[in-house]
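In: Quick check, what structure comes out for this input:
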Amino acid sequence: MENQLKALFGAWIQAIGTVTSAVGSTPSLNEDIQDSLNLWGNALQGTGNALIADSEEGFSLENLGNEVQAIGNTTVIAGLLLNVSEEKKLKLDINGNLLQAVGGGIALPDDLVDEPSTIRTLNIAGNVLQIIGNSLQARGGIIELKSNPNNQVKYKSYRESNQSQEISYSDSFAINGSWIQAVGSVISAIAQTMESKENNT
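Out: Take a look at the predicted model:
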């Protein structure tokens, strides 16, 4: 029972974190507000992933996947907090999103081999959406990095209004990726809620 509650709590904490980060990707917001929302969002995601991983007894791919996702969230947080160059900040953000996508991919096979059910279908859909969302965010960061051949990168500029078509292109990847990840995370949290209710009946 305690592990079920921990997994349920972790799933919703993660969902709240992804939505918070998605709101932080809104270009019309002040840059400081964007960074704060992204920081808190990733902190909540990392906490949620760690709780879900801790709720699993013994080794499983889902456990490992959630641990890798938590590391990815920590990497994004490092990019926001460390006093390093703008290029390194962006690279940390890219690597953090890629780690989250890899973590989702590691966790996916556990759901694929389970008995088919509505809960499993929701779990798979939620996980796949999160993998796509993180991959799009990483892609947006890569486009931003390549658009500055002289390495004069302005961190998070892909989330800001900019006249450059290439920056605007990367901006759309980051925003869409954030919201796709958020939708996937909420679907996964709903699946976890259904599973908890089913186990308690």
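
In: For this structure, which segments count as helices?
Out: 2-24, 31-55, 61-81, 86-113, 118-146, 165-199 (DSSP state H).

In: Between helix 31-55 and the third one, find me the angle.
Out: Between the direction of helix 61-81 and that of helix 31-55, the angle (axes from the mean of the first three to the mean of the last three Cα atoms, to 10 degrees) works out to 160 degrees.

In: Mind listing residues that contact helix 61-81?
Out: With Cβ atoms under 8 Å, 6 or more residues apart in numbering as the test, helix 61-81 has contacts from 17, 35, 38-39, 42-43, 45-46, 49-50, 52-53, 56, 88-93, 95-111, 134, 155. C-beta here means a position set from N, CA and C on the backbone, and glycine is covered the same way.

In: Which residues belonging to that helix are considered buried?
Out: Residues 61-80 are the ones in helix 61-81 that count as buried (16 or more other Cβ atoms under 10 Å).

In: Tell me how far the lowest-mean-pLDDT helix or strand in the chain lies from the chain's centre.
Out: In the chain, no helix or strand scores lower on mean pLDDT, DSSP states H and E than helix 165-199, which sits at a mean of 86. How far helix 165-199 lies from its chain's middle: 8 Å, per Cα atoms, centre = their mean, to the nearest Å.

In: What of stretch 113-132?
Out: 16 Å.

In: For that stretch, the averaged confidence score.
Out: Average pLDDT, stretch 113-132: 91.

In: low pLDDT regions in the chain?
Out: 1, 149-169, 201 (pLDDT under 70).

In: Can you name every helix or strand that the least confident helix or strand of the chain contacts?
Out: Secondary-structure packing of helix 165-199 (3 or more Cβ pairs under 8 Å, 6 or more residues apart in numbering; DSSP states H and E): helix 2-24, helix 118-146.

In: Serialize these to CSV and add fields for mean neighbour count and distance to N176.
Out: Below are the helices and strands packed on helix 165-199 laid out as CSV (neighbours: other Cβ atoms under 10 Å; distance: least, Cβ to Cβ, whole Å):
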stretch, mean neighbour count, distance to N176
helix 2-24, 20, 10
helix 118-146, 21, 6
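
In: Tabulate those helices (JSON lines), appending distance to G184.
Out: Compiled in JSON lines, the helices and strands packed on helix 165-199 are given as follows (distance: least, Cβ to Cβ, whole Å):
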{"stretch": "helix 2-24", "distance to G184": "8"}
{"stretch": "helix 118-146", "distance to G184": "3"}
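
In: do you know which of those lies nearest T193?
Out: Relative to T193, the nearest member of these by Cβ to Cβ is helix 2-24, separated by 6.3 Å.

In: for that closest one, packing partners?
Out: Using 3+ Cβ pairs under 8 Å, 6+ apart: helix 2-24 touches helix 31-55, helix 165-199.
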